[in-house]
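1. quick one, fold the following:
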Amino acid sequence: MTPPVEKVSQSALDGSRTRVVLLLEVEDGAEQRLLEAYDQMCHRVAAVPGHISDQLCQSIENPSQWLITSEWESALTFLAWVDSPAHLEMVEPLHGCVRDTRSLRFGVLRETRVRGGARTGDLQTTPRIGDGVVRHAITFTVKPGSEAKVAEILAGYTSPQARVDDTTSLRRTSLFMHGNRVVRAVEVRGELVKALRHVAVQPEVRAVEEAINPYLEVDRDLSDPHSAREFFARAALPAVHHVAARRDPGGPLRRHALFYPAKDGCGQALARLLARQDESASDDPASPVAGSTVFLREDLVVRLVDLRVPLEEAPLAAVAAAGPHKAGMFSRLLDESVNLTDEQGIKRFLADHDMRMVTDRRAPEDEAAGHRQPGPPH
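-> Got it, this is the predicted structure:
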């Protein structure tokens, strides 16, 4: 029996087949409209690269409950489509038929096949041991020259209530800036969508979102459902890999976010390289890397890393590319000229790509656990 992968609790980088389940609560009397919308959509979805199959199902107990299941060659092919403008336009007719949706994504571990049937794509080889935390990020840009004002607004709001219900709570929100780009990473215990909906209606959060609206490079109106869907699809920065060392951190951890602009078409390769490096670091008892999460959207890669020592004291090989071969690969994937084969080049890279922490807010129970990170006040 293959043992579980204990240190990697999340990964969309292994190339295994993915099953997506979309749960729908249909408006009363809209069942026929939903069926017609699906019939129009399914032929277009079938042409999307990486799509294998899908089904539309209706509950045999409650006619208002429907689900759409789809199968994809890999998680990355699905993620590339689900956050695209083409997806938004394709599924828009569905939104007029439903009152609520919930999307679940799974890697396929085992399957029972019809005798003689061909298998398409790879299966996830081993189960992963989770920590009960879901990770996600959004990213957007603000108008050049407004960075200081936006940072002031984003750092100054009152934290919303962390507890959503008995099963879901907001665990941590870390917000960084690099130039005029904002990255907000969240950790949720329980259901991500439920937590995000809870946060979105909190008065203090609504006020800060309104305050930064004039400074955004792309306009949005979060009070309009269509505009809100467009914004969150455009801003989504999914977590594609998370690894954590299964040992006591030995004290407070320092959280950093490193920004990596990849060459055209090289985002996935760069994310895989970073993921493999952090997996190796988590095996090393002497490594300062306690955990990392890699976020990927097209050719934009962000690596959130928790260190046991300050960044300037960490061995350079642990936080940059380890060894000349990996350094060369890393350099070829970046959309800029860098030299990671000598110490000064690595230091310059880290100085240029270590994102500025604006705020790092943790739920009270996590603060009480004694692992608070040094950083800006909450």
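
2. where along the stretch 51-200 of the chain do the helices fall?
-> 75-82, 85-95, 147-156, 192-200 (DSSP state H, counting those that start in this stretch).

3. please apply the same query to the stretch 201-350 of the chain.
-> Taking DSSP H, counting those that start in this stretch, the helices of the stretch 201-350 of the chain run over residues 203-212, 225-235, 267-283, 316-319, 324-333, 343-353.

4. and the ones you listed, which one averages the lowest pLDDT?
-> Mean pLDDT values for these show the minimum at helix 316-319, a mean of 68.

5. for this structure, give me the ranges with low pLDDT.
-> Within the chain, the segments meeting pLDDT under 70 span 1-8, 113-121, 247, 249-250, 316-325, 365-378.

6. repeat that with 80
-> 1-10, 112-121, 129-130, 245-251, 281-285, 314-328, 331, 335-343, 345-346, 364-378 (pLDDT under 80).

7. including distance to Ala86 and mean neighbour count, could the helices of the stretch 201-350 of the chain go into TSV?
-> Every residue, glycine included, has its C-beta placed from N, CA and C. TSV is the format used below for the helices of the stretch 201-350 of the chain (distance: least, C-beta to C-beta, whole Å; neighbours: other C-beta atoms under 10 Å):
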stretch	distance to Ala86	mean neighbour count
helix 203-212	26	14
helix 225-235	11	15
helix 267-283	18	20
helix 316-319	37	19
helix 324-333	26	16
helix 343-353	31	15
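
8. quick one: closest of the ones you listed to Val193.
-> helix 225-235 (10.6 Å; C-beta to C-beta).

9. which other residues reach the closest one?
-> Contact with helix 225-235 is made by 82-85, 87-88, 92, 95, 138-140, 218, 220-222, as judged by C-beta atoms under 8 Å, 6 or more residues apart in numbering.

10. now do 10 Å
-> Identification of contacts with helix 225-235 by C-beta atoms under 10 Å, 6 or more residues apart in numbering yields 82-85, 87-89, 91-92, 95, 137-141, 182-184, 196, 200, 209, 216, 218-222, 224, 297.

11. just the buried ones from those residues?
-> Buried by 16 or more other C-beta atoms under 10 Å: 82-83, 87-88, 91, 137-140, 182-184, 196, 209, 216, 220, 297, out of the contacts of helix 225-235.

12. dump the residue contacts of Ala12.
-> By C-beta under 10 Å, 6+ apart, the contact set of Ala12 is 18, 74-79, 105, 107, 238-241, 268, 271, 275, 294, 296.

13. can you tell me the closest non-neighbouring residue to it?
-> Leaving aside its sequence neighbours, Ala12 sits nearest to Ala75 (C-beta to C-beta, 6 or more residues apart in numbering; 3.5 Å).

14. would you agree that neighbour is in contact with Leu13?
-> Yes. With contact defined as C-beta atoms under 10 Å, Ala75 reaches Leu13; the gap is 7.9 Å.

15. thought Pro160 was touching Thr173?
-> Yes. Counting by C-beta under 10 Å, Thr173 is a contact partner of Pro160 at 9.2 Å.

16. got any residues that touch both of those two?
-> In contact with both Pro160 and Thr173: Val199, Arg361, using C-beta under 10 Å, 6+ apart.

17. tell me the most buried of the helices of the stretch 51-200 of the chain?
-> helix 75-82 (a mean of 21; mean count of other C-beta atoms under 10 Å).

18. remind me what that one packs against, helices and strands.
-> For helix 75-82, the packing partners by 3 or more C-beta pairs under 10 Å, 6 or more residues apart in numbering; DSSP states H and E come out as strand 18-26, strand 51-58, strand 65-72, helix 85-95, strand 98-107, strand 236-244, helix 267-283, strand 289-297.

19. could the ones you listed go into JSON lines alongside distance to Glu147?
-> Below are those laid out as JSON lines (distance: least, C-beta to C-beta, whole Å):
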{"stretch": "strand 18-26", "distance to Glu147": "37"}
{"stretch": "strand 51-58", "distance to Glu147": "40"}
{"stretch": "strand 65-72", "distance to Glu147": "38"}
{"stretch": "helix 85-95", "distance to Glu147": "27"}
{"stretch": "strand 98-107", "distance to Glu147": "33"}
{"stretch": "strand 236-244", "distance to Glu147": "19"}
{"stretch": "helix 267-283", "distance to Glu147": "24"}
{"stretch": "strand 289-297", "distance to Glu147": "21"}
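
20. of all those, which one comes closest to Asp360?
-> Comparing these under C-beta to C-beta, the one sitting nearest is strand 289-297, at 13.9 Å.

21. tilt between that closest one and helix 75-82?
-> With axes from the mean of the first three to the mean of the last three C-alpha atoms, to 10 degrees applied, the angle from strand 289-297 to helix 75-82 works out at 50 degrees.

22. what's the angle from strand 289-297 to helix 267-283?
-> Put simply, strand 289-297 runs at 170 degrees to helix 267-283, going by the same axes, to 10 degrees.

23. just the CA coordinates of strand 289-297, formatted as PDB?
-> Output in PDB follows, covering the C-alpha atoms of strand 289-297 (Å, rounded to 0.1, in the frame of the first residue of the first chain):
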ATOM      1  CA  VAL A 289      11.700  26.800   5.500                       C
ATOM      2  CA  ALA A 290       8.800  25.700   7.800                       C
ATOM      3  CA  GLY A 291       6.200  25.800   5.000                       C
ATOM      4  CA  SER A 292       5.400  27.400   1.700                       C
ATOM      5  CA  THR A 293       2.400  27.900  -0.600                       C
ATOM      6  CA  VAL A 294       2.800  28.500  -4.400                       C
ATOM      7  CA  PHE A 295       0.100  30.500  -6.100                       C
ATOM      8  CA  LEU A 296      -0.200  30.500  -9.900                       C
ATOM      9  CA  ARG A 297      -2.200  32.400 -12.500                       C
END
